[in-house]
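**Student:** Build me a model from this:
(chains A and B)
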Amino acid sequence: MARFVRWYGSGPLHLLVLICSFALTGYAMVRLFAFRPIEVAIWFVGAAILHDLILLPLYSVADLSAHFVLRHRGDPVPQVPWINYLRVPTFLSGVLLLVWFPLILELAVPYEGDTALTQDVYLGRWLAITAVLFGASAVAFAVELRRVRRAARADEEGPPADHDTKP
Amino acid sequence: MSSGGRPPESGSRGGPERPRPDGGHPRRRLKRTVAAAAGLVAAAGTRVRAIAERVGQTPPPPGPFRPGFWRSPLRGPWLTSVFGLVLLVGIPVLFVTGVLSYAAYNPDLSGLNDKTPDKGLLGFYLFDWPTHPYWLYRLVQGVHVTLGVVLVPVLLAKLWSVIPKLFTWLPIRSVAHGLERLSLLMLVGGVIFEFVTGILNIQLHYVFPGSFYRLHFYGAWVFIAAFVVHVCLKLGRMRRALRSRDLVTELRTDLAHTRPEPPDPDGLVATAPDAPSMTRRGALAMVGAGSLLLLVVTAGQSIGGRLRTTALLAPHNRNPGGGPNGFQINKTAAAVGVSAADVGPNWRLEVHGQGPALVLAREQLLAMRRHTAALPIACVEGWSTADQHWSGLRLADLAAMAGLPDAGSVLVESVQSSGPFRRVVLRGNQIHDPRSLLALHVNGADLSLDHGYPARIIVPANPGVNNTKWVRRLTFRT
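**Tutor:** Purely as a prediction, here's the structure:
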């Protein structure tokens, strides 16, 4: 047993479960790849690559750059953690686009003929939702900014307050 | 590998070249050969292990393979496990509703119903799809599609939370590790493949390679095989991680008190984390808000009624017109090449069974005893209509007229001359449900051309495409 573990890298149960799974995978894959195997393989592996090596790095870099480029530079007033007021509406608007982009960008060719509905409403709706999300975020940020600055002014003028609300 | 751990015996490698005084004895010779081979293997094993050790000490290349590269202070087994737990509930629901939806087509009944004739053992569970409750397919498919859409943010968050594992160093540490990573490729490739094909299909964006039914069905089995393994291997770790922090406390923790999770053996927790810019409750709330928003802009197309218009971004969020025929259309007559001339005064319904075929004009059908049923149209794409009030001839009555009152199946053929689902087979239980109709009217009016004039099938709990429109021939069989 110990020798097996040393050679294999885990217990025998691990191996049994994996072989069982691969058998089913193989059975389904033979059928999945029965027609146009190369394209299907590109779609299957491409799905993982597209997410892990393109989408995720892109949004991570976008998040980091927003942090870096838009940081406060020598503002005299106290800072308010602002990144989430940008991050949250971007994320929400982004997932809507990610899921419904074929309709939003009017890519679904048979849609209008099949359903007797028009496709041109989706871009406007998505933009309107995006505007509402960012607008709400801007209002929330403005309120927070006002609250923090007022508190800071009160701090300067009045007696020293406790500092545990500092970000 | 029986002697894999033993040190190589000295001189054993030279064995075959030594003089062999007893070389004539086959058993002894065999013994010696075996010993020599074992020695060779042992030596090779030692060497391989030495190489592996040297490789194992290779420092990771710069970039994402270095542990210091990942900076998020929120990544850690607890957060991953929360997302994992949601998917652990959601994905089995998706899988079960998916395989039920597949069964709803009755693919085992006829090749005409079966888009995956090579399914083999994967159809092991198929059963006669019931007609009760009449909203069954509407529910199953509405849940399948809406839940799939709603889980997208959770899936993205889960994948984000474990991304450092993709760049784990060494890429393969042992046979077990290598196999597990291969299984993870099936898991991640499979889950994204399933979500992408499903989400594109409900928007009629047919860019994937081949039949949606094949890709989504077989892809689901590839994925679920890897999913079950993943759950088996990680369930214990997930439970431990979930117990490591209290959810309520976590939801009360503000940014100032947000700290990284303690270092974990899986390397999810950053070794050099940035200062947090978001709390864990903030991350959970953002993902939850994404799911909620998707639910709001999607679910209405499956609920129908007044809520349909709330599905702002869903494909079937408006009715195509007003009046009795103003409900959702899957494919218009024009889209499948059916014209008014095809179903004009010359249209006849042929009914085959035992004995000579009946050929009936619409006027003759209208003169027969008609029945009503309130049934929805529910599509594999997840949208559905509220109950529509259909009126027409019972399939059971037509079977009796054809001389087969106990018919076991009926082949329904449409005027539509090309495209999938223009011919389907219905099962005996579907024929004999008193609500199963060859409908001539809906909501008190003649069927419109887009809803299948002059006659269409409507069967309770039947997938929309199996409710054939523009019916021209019914062939009852025992």
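
**Student:** I'd like the distance between B:D342 and B:W470.
**Tutor:** Distance of B:D342 to B:W470, given as C-beta to C-beta, to the nearest Å: 7 Å. (Glycine included, C-beta is placed from N, CA and C.)

**Student:** Show me chain A divided up by domain.
**Tutor:** A:1-32, A:36-71, A:77-167 (automatic domain parsing).

**Student:** out of those domains, nearest to B:A220?
**Tutor:** Proximity to B:A220 (C-beta to C-beta) singles out domain A:1-32 among the domains of chain A, at 8.2 Å.

**Student:** Now that closest one: buried residues?
**Tutor:** A:8-10, A:14-15, A:17-18, A:21-22, A:24-25, A:27-29, A:31-32 (16 or more other C-beta atoms under 10 Å in any protein chain shown).

**Student:** now stretch A:144-160
**Tutor:** Going by 16+ other C-beta under 10 Å, stretch A:144-160 has these buried residues: A:L145, A:V148.

**Student:** That stretch near chain B anywhere?
**Tutor:** No - figure legend: stretch A:144-160 not in contact with chain B (C-beta under 8 Å from any C-beta of the partner chain); closest approach 12.6 Å.

**Student:** about what we covered before: can you redo the domains of chain A as CSV with mean pLDDT and distance to B:S291?
**Tutor:** CSV is the format used below for the domains of chain A (pLDDT from 0 to 100; distance: least, C-beta to C-beta, whole Å):
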stretch, mean pLDDT, distance to B:S291
domain A:1-32, 94, 29
domain A:36-71, 92, 17
domain A:77-167, 89, 9
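
**Student:** picking up where we left off before, tell me the two of the buried residues of domain A:1-32 that are most distant?
**Tutor:** Largest pairwise distance in these, by C-beta to C-beta, is 31.1 Å, between A:G9 and A:R31.

**Student:** for B:L426, helix, strand, or coil?
**Tutor:** Put simply, B:L426 is strand when judged by DSSP: H, G, I helix; E, B strand; the rest coil.

**Student:** That one: neighbouring residues, count only.
**Tutor:** Residues near B:L426, counting by other C-beta atoms under 10 Å in any protein chain shown, number 29.

**Student:** Please tell me I have it right and it contacts B:G408.
**Tutor:** No - using C-beta atoms under 8 Å, B:L426 is not in contact with B:G408, being 10.1 Å away.

**Student:** Filter the buried residues of domain A:1-32 down to the ones in helices?
**Tutor:** A:8, A:14-15, A:17-18, A:21-22, A:24-25, A:27-29, A:31-32 (DSSP state H).

**Student:** More neighbours: which of B:D342 and B:W470?
**Tutor:** Ranked by neighbour count (other C-beta under 10 Å), B:D342 and B:W470 place B:W470 first, with 23 against 17.

**Student:** The more buried one and B:F421, how far apart?
**Tutor:** For B:W470, the distance to B:F421 (C-beta to C-beta) stands at 12 Å.

**Student:** Can you list the helices and strands that the longest helix anywhere in chain B packs against?
**Tutor:** In chain B, with assignment by DSSP H, the single longest helix is helix B:212-244. Under the contact criterion of 3 or more C-beta pairs under 8 Å, 6 or more residues apart in numbering or on different chains; DSSP states H and E, helix B:212-244 touches helix A:12-32, helix A:37-49, helix B:77-104, helix B:175-202.

**Student:** Distance to B:A285 for these - can I get that in JSON lines?
**Tutor:** Below are the helices and strands packed on helix B:212-244 laid out as JSON lines (distance: least, C-beta to C-beta, whole Å):
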{"stretch": "helix A:12-32", "distance to B:A285": "35"}
{"stretch": "helix A:37-49", "distance to B:A285": "28"}
{"stretch": "helix B:77-104", "distance to B:A285": "12"}
{"stretch": "helix B:175-202", "distance to B:A285": "23"}
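
**Student:** do you know which of the ones you listed lies nearest B:T478?
**Tutor:** helix B:77-104 (23.1 Å).

**Student:** Show me which residues of the stretch 351-478 of chain B sit near chain A.
**Tutor:** Going by C-beta under 8 Å from any C-beta, the residues of the stretch 351-478 of chain B near chain A are B:D450.

**Student:** Most proximal residue of the stretch 351-478 of chain B with respect to chain A?
**Tutor:** Of all residues in the stretch 351-478 of chain B, B:D450 sits closest to chain A, at 6.5 Å by C-beta to the nearest C-beta.

**Student:** which SS state does that residue fall under?
**Tutor:** helix.

**Student:** what about B:H205, distance to chain A?
**Tutor:** 4 Å (C-beta to the nearest C-beta, to the nearest Å).

**Student:** Which neighbouring elements make contact with the helix or strand that contains A:Y59?
**Tutor:** Element membership for A:Y59, per DSSP states H and E: helix A:56-69. In terms of contacts (3+ C-beta pairs under 8 Å, 6+ apart), helix A:56-69 is packed against helix A:83-104.

**Student:** how about a cut-off of 6 Å?
**Tutor:** Contact here means 3 or more C-beta pairs under 6 Å, 6 or more residues apart in numbering or on different chains; DSSP states H and E; on that basis helix A:56-69 packs against no helix or strand.

**Student:** Residues contacting it, please?
**Tutor:** Contacts to helix A:56-69, defined as C-beta atoms under 6 Å, 6 or more residues apart in numbering or on different chains, come from residues A:I83, B:I163.

**Student:** Equivalent analysis for stretch B:436-453, please.
**Tutor:** For stretch B:436-453, contacts defined as C-beta under 6 Å, 6+ apart pick out B:324-325, B:329, B:332-333, B:343, B:373, B:388-393, B:395, B:430, B:455-456, B:458-459, B:469-470.

**Student:** Is it correct that A:G124 falls within a helix?
**Tutor:** Yes - with three-state DSSP as the criterion, A:G124 is located in a helix.

**Student:** what about the helices in the stretch 251-400 of chain B?
**Tutor:** B:280-296, B:300-303, B:362-367, B:395-401 (DSSP state H, counting those that start in this stretch).

**Student:** looking at those, which is buried most?
**Tutor:** helix B:300-303 (a mean of 24; mean count of other C-beta atoms under 10 Å in any protein chain shown).

**Student:** how many neighbours does residue 66 have?
**Tutor:** Answering for chain A, as no chain was given. 15.

**Student:** The chain in question should be chain B.
**Tutor:** Under the criterion other C-beta under 10 Å, the count of neighbours that B:R66 has is 15.

**Student:** Work out for me the element the closest residue to it other than its chain neighbours sits within.
**Tutor:** Sequence neighbours aside, B:P60 is the residue nearest to B:R66 in space, at 5.2 Å (criterion: C-beta to C-beta, 6 or more residues apart in numbering or on different chains). Take DSSP H and E as the rule and B:P60 turns out to sit in neither a helix nor a strand.

**Student:** How much space separates B:P60 from chain A?
**Tutor:** Relative to chain A, and taking C-beta to the nearest C-beta, B:P60 is found at 17 Å.

**Student:** Would you list the phi and psi of that residue?
**Tutor:** B:P60 has phi and psi values of phi -60, psi 150 when expressed as degrees, to the nearest 10.

**Student:** from memory it sits against B:T168, does it?
**Tutor:** No - between B:P60 and B:T168 there is no contact under C-beta atoms under 6 Å: 9.1 Å.

**Student:** Contacts only, for A:D120.
**Tutor:** A:D120 neighbours (C-beta under 6 Å, 6+ apart): none.

**Student:** Okay, buried residues for stretch B:435-448 please.
**Tutor:** In stretch B:435-448, counting by 16+ other C-beta under 10 Å, buried: B:R435, B:S436, B:L437, B:L438, B:A439, B:L440, B:H441, B:V442, B:N443, B:L447, B:S448.

**Student:** Cool, thanks, signing off.
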